[in-house]
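>>> just the structure for this:
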Amino acid sequence: MTSMPPEQNATSEGPAAAAARSPSESAHGAIQGMGRQRTIAAPTIVRGKGLLFGVDAEVEFVPAPPGSGIAFERIDLAPPVLLPALIDHAVSRPRRSTLRVGEASIDTVEHCLSALVGLGIDNVLLRMRGPELPCGDGSALPFFEPLRSVGTVEQDAPRHVHRITEPIVLEEEDSMIAALPSDEPGMRVSYELDYSNVSRHIGRQNCSFDLARDDYASQIAPARTFSLRAEAEALWAAGMCRHLTPRDALVVGDDGPMENAFRFTDECVRHKVLDVIGDLALSGVSIQGKIVAQRSGHDLNRRLAHRIRQQVEAAARLRLVETGRVLDARAIARIMPHRYPMLLIDRVVEIEGNRRAVGIKNVSINEPFFPGHYPGTPIMPGVLIVEAMGQLGGLLLSQTLEHTGKVAVLLSLDKVKLRKAVTPGDQLVMEAETLRASARSAAVRCRAWVQGKLAAEAQIRFMMIDPEFE
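Numbers count the residues shown, from 1 in each chain. Here you go, the predicted model:
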């Protein structure tokens, strides 16, 4: 593994030197509490072999503008493929976290993402050559040290901090991870590791780390990924990790670390905390709350990131509903050919060009369909929920210049799911996202929520026609 900024070698201090730094010198969690977004001050490059497959890889870290977030780009592919570091692009892989867009993927992103969170970096582009990030010694230091050496700069935009408002608890067999509300700044991770039945040298370990107060550089970044001897032999037999020896990786045998030594007596649980921080970065926000985990692995961590992302999106929709009014009913009627009682959108609160729109339908007991549709237990017909989503999709498509003056006529429905009953008094918050669009046809993905819970979803294809041919 080599790491260097362009035109010069980077000094690699190692864990002992990193631990010797004072908190004021190291990039620790206190940065998480600052109000502004950050990016790196200059580009830097990290090279080495991937952890599992041993393929040579190179990643160049490049400053990115405010609001762009963390994203990878496979520049060794033609054409290059952008892979945002968001849970929407994460796929399940054993022993690691992987991003995939189409046929392009990047393996083992969690250590790098953890280092970025530890440094308080919000926006950066990682230009990749290779299918897997370099592994170095299996800790976050190979990324943390070169990034710290180039430094970070504050940007003119507020950091997006999401405060956990409702507990999220996920369990799977004997594993658990939870996100709990907290009034304290930043994110605290408490992890319990129990290997007492399989390794007396690891046993039961506990670690609690606070990103807002504790020193990531000395306490978490040096902790390496580990495996038991039997696990390492199984990986070797499967053709993985063939470039590594016990001196390069932390392998724990019957007599303890093989040809190696622990950096901390509880190094294994510290690395689990490192993994949690990296996996939860896929939520795309800085988290304010307490994370509690017991024997949780990458899959469960990612499931929590997904649930946090859903909570973030629900909060954003609520803010739009409370404050937004892009198009009111009269403006909608000027665009749409529908009229009451078939005009099923009351207002549009957000439109992002021709990419995304958010609209509102207030469901009243006076709706004309309630007297005849389950009048004893009024329920909004599912076909009308789909129709409302389709109308929002049509409004979205009307923002495209080539569709101006045309009418979006429903052509087909796919992946329709009605998940929750919609009843009088509910407010249906709908979102439409363009999947593809041409002059003659288009496809959108639509979802609808009630009180933050998903009520319906569908993919809708439209044919764009001139009004005189309706």
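
>>> in the helix or strand in which L410 is found, what counts as buried?
Element membership for L410 (DSSP states H and E) is strand 407-418. Using 16 or more other CB atoms under 10 Å as the test for burial, strand 407-418 gives 407-408, 416, 418. C-beta coordinates here come from the backbone N, C-alpha and C atoms, glycine included.

>>> same check on stretch 48-61?
48-54, 57-61.

>>> sorry, back to before: which of the buried residues of strand 407-418 lies closest to H89?
V416 (24.0 Å; CB to CB).

>>> which residues touch the closest one?
386, 456-458 (CB atoms under 8 Å, 6 or more residues apart in numbering).

>>> low-confidence ranges in this structure?
1-34, 240-242, 320-325, 399-406, 466-470 (pLDDT under 70).

>>> show me where it has its helices.
Along the chain, the stretches classed as helices by DSSP state H are 14-20, 110-118, 141-150, 216-219, 229-237, 267-280, 298-323, 329-335, 382-397.

>>> adding distance to L343, write those out as CSV.
As requested, these are arranged in CSV below (distance: least, CB to CB, whole Å):
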stretch, distance to L343
helix 14-20, 62
helix 110-118, 45
helix 141-150, 53
helix 216-219, 53
helix 229-237, 60
helix 267-280, 42
helix 298-323, 19
helix 329-335, 7
helix 382-397, 7
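
>>> out of the ones you listed, nearest to A104?
Per CB to CB, nearest to A104 of the helices of the chain: helix 110-118, 16.9 Å.

>>> roughly how far is the closest one from the heart of the chain?
Offset of helix 110-118 from its chain centre (CA atoms, centre = their mean, to the nearest Å): 13 Å.

>>> picking that back up, which of the helices of the chain sits closest to D88?
It is, among these and with distance given as CB to CB, helix 298-323, at 7.7 Å.

>>> in that closest one, what counts as buried?
Per 16+ other CB under 10 Å, helix 298-323 contains these buried residues: 298-312, 314, 317, 320-321.

>>> before we move on, what about stretch 158-171?
159, 161-162, 164, 168, 170.

>>> name the residues that touch that stretch?
34-38, 122, 176-182, 283-290, 300, 303-304, 307-308, 311-312, 315.

>>> now those residues: which count as buried?
Buried, going by 16+ other CB under 10 Å: 37-38, 122, 176-179, 182, 283-290, 300, 303-304, 307-308, 311-312, out of the contacts of stretch 158-171.

>>> and L228, what does it touch?
198-199, 251-253.

>>> so what's it bridging to?
Beta-bridge partners of L228, counted by DSSP bridges, are V252.

>>> kindly provide the distance from it to Q219.
Taken as CB to CB, to the nearest Å, the spacing of L228 relative to Q219 amounts to 24 Å.

>>> cool, M187 as well?
14 Å.

>>> compare these two (neighbour count), which wins?
Set side by side, M187 and Q219 show more neighbours around M187, with 26 against 22, by other CB atoms under 10 Å.

>>> who's in contact with the more buried one?
M187 sits in contact with 29, 32, 210-212, 277, 280, 286-291, where contact means CB under 8 Å, 6+ apart.

>>> at 10 Å instead, please
29, 32, 117, 161-162, 164, 179, 209-212, 276-277, 280, 286-291 (CB atoms under 10 Å, 6 or more residues apart in numbering).

>>> thanks a lot, see you next time.
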